[in-house]
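Chemist: pasting the sequence and the predicted model now:
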Amino acid sequence: MMVPGNLDLSCCCTKTCGHHQPAVVRPLRAPEAVVTGATDGIGKAYAEELARRGMKVALISRSKEKLDHVASEINDKYKVETKVIVADFGEREDIYSRIKAGLEGLEIGVLVNNVGMSYVYPEYFLDVPDLDERIDKMVNINIMSVCKMTRLVLPGMLERSKGAVLNISSATGMYPTALLTLYSATKAFIDFFSQGLHAEYKSKGIFVQSVLPYYVVTKSSKIRTPTFDKPTPETYVRAALGTVGLQSRTNGYLPHALIGWIFSLLPTSTAISFIMNYNKEIRARYLKKMKKK
């Protein structure tokens, strides 16, 4: 699922290269944070790192058992208060009134819109299993959640004239990603939504960031062993948080920015063709594996 990019390499150098960080990380100086999709992977790593920095954290996910486990870990390790809100962003029912009630009274300074879903494996659009259901869920989880959560939290940030909205997109949203077309398009929406929102509200003290990672060691990526360019969620998030206040659009991690820069040298048609062939290979391996079962 390699995707080209064209971000400035400086987007990650402040943290990763050890350059001096000015005091523009002020948006992270907040009493409370909210993280969606907070029980695994990148979302959990954001919740833990923000807690490590002293913030109270509201965790939102669909599994009460997992939420309670993560909340307990954070309480024990970082000695900060946590709150759990059970919500399945793929549901058709209005979950946002329940989330709004759960966030009542919190002084939220950081919102991490992380929850997301992808394909089980790369596939041609019309051949995606349970396509109609997949369309509904992917739009609800990847797009609707970002819009609705921002709608809930942004007014309070504006009242205080400070806040950070960190939207986790994907490098697949930087160029059309064949065989992951729907997922890629939803992540492109997040990227554009974030850029527009940042332009609208940066003068009012609100920092909105589009975070576009390449591969990270998570359950969804099916990568188990970290490497230089495939970091653990913890390594990735520490680097990405170093760009808050500095870059409103970032790959979050220096090796990922380097990958994006290399791909940006290719003609767009060449890059798209490369992505298509890469994902066709993954698709073929997956289908071959399924036939053996």
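Modeler: Nice, I can see it.

Chemist: mind checking what secondary structure Val34 has?
Modeler: Judged by DSSP: H, G, I helix; E, B strand; the rest coil, the three-state class of Val34 is strand.

Chemist: so it is in contact with Val110, correct?
Modeler: Yes - using Cβ atoms under 8 Å, Val34 is in contact with Val110, at 7.3 Å. (Each C-beta comes from the backbone N, C-alpha and C, glycine too.)

Chemist: may I have the phi/psi pair for the residue lying closest to Tyr286 once chain neighbours are set aside?
Modeler: Among residues not flanking Tyr286 along the chain, Tyr121 sits closest, at 4.1 Å (Cβ to Cβ, 6 or more residues apart in numbering). Per-residue torsions, Tyr121: phi -160, psi 160 (degrees, to the nearest 10).

Chemist: quick check: pLDDT value at Tyr121.
Modeler: Per-residue confidence (pLDDT) for Tyr121: 96.

Chemist: what of Lys292?
Modeler: 87.

Chemist: cool, Gly5 as well?
Modeler: Reported pLDDT for Gly5: 47.

Chemist: now the helices for the stretch 101-250 of the chain?
Modeler: 131-138, 145-160, 181-201, 233-241 (DSSP state H, counting those that start in this stretch).

Chemist: tell me the buried residues in the third one?
Modeler: Which is helix 181-201. 181-191, 193-195, 197-198, 201 (16 or more other Cβ atoms under 10 Å).

Chemist: ok, now the second one?
Modeler: Of all the residues in helix 145-160, those buried under the rule 16+ other Cβ under 10 Å are Ser145, Val146, Lys148, Met149, Thr150, Leu152, Val153, Leu154, Met157.

Chemist: tell me the buried residues in the longest helix belonging to the chain?
Modeler: Determined from DSSP state H, the single longest helix within the chain is helix 268-292. Applying a neighbour-count criterion of 16+ other Cβ under 10 Å, one finds Ala271, Ile272, Phe274, Ile275, Tyr278, Asn279, Ile282, Arg283 buried in helix 268-292.

Chemist: please apply the same query to stretch 29-43.
Modeler: 30, 32-43.

Chemist: can you give me the strands for the protein?
Modeler: Ranges of strands in the chain, per DSSP state E, are 32-36, 56-61, 82-86, 108-113, 163-168, 206-211, 249-250.

Chemist: just give the nearest non-adjacent residue to Phe189, would you?
Modeler: Ile143 (5.3 Å).

Chemist: any idea how far Asn75 lies from Ala47?
Modeler: According to Cβ to Cβ, to the nearest Å, Asn75 and Ala47 sit 12 Å apart.

Chemist: these two: who's more crowded?
Modeler: Ala47 (32 against 14; other Cβ atoms under 10 Å).

Chemist: would you agree the more buried one is in contact with Val35?
Modeler: Yes - if you go by Cβ under 8 Å, Ala47 and Val35 touch, sitting 4.5 Å apart.

Chemist: quickly list what's touching both of the two.
Modeler: Here Ala47 and Val35 have Val57, Leu59, Val112 as joint contacts, going by Cβ atoms under 8 Å, 6 or more residues apart in numbering.

Chemist: report how many residues lie close to the residue nearest to Tyr286.
Modeler: What Tyr121 shows, counting by other Cβ under 10 Å, is a neighbour count of 19.

Chemist: list the contacts for Ile190?
Modeler: Asn113, Asn142, Ile143, Val146, Asn167, Ile168, Ser169, Gly173, Ser210.

Chemist: try it again at 10 Å.
Modeler: 113, 116, 142-143, 145-147, 167-170, 173, 210-212 (Cβ atoms under 10 Å, 6 or more residues apart in numbering).

Chemist: now it: how far from Lys293?
Modeler: For Ile190, the distance to Lys293 - Cβ to Cβ - is 34 Å.

Chemist: related to what we said a few turns ago, OK, contacts around the residue nearest to Tyr286?
Modeler: 128-129, 179-180, 222, 279, 282-287, 289-290.

Chemist: quick one: least confident of these?
Modeler: Per-residue pLDDT puts Lys222 lowest of the contacts of Tyr121, at 79.

Chemist: can you get me a residue count around that one?
Modeler: Other residues close to Lys222 by other Cβ under 10 Å number 12.

Chemist: start at 27 instead
Modeler: New numbering, starting at 27: the last item is Lys248.

Chemist: tell me the spacing between it and Ser236.
Modeler: Lys248 is 24 Å from Ser236, by Cβ to Cβ.

Chemist: likewise Asp156?
Modeler: 29 Å.

Chemist: those two: which has the busier surroundings?
Modeler: Of the pair Asp156 and Ser236, Ser236 is the one with more neighbours under other Cβ under 10 Å, namely 28 against 10.
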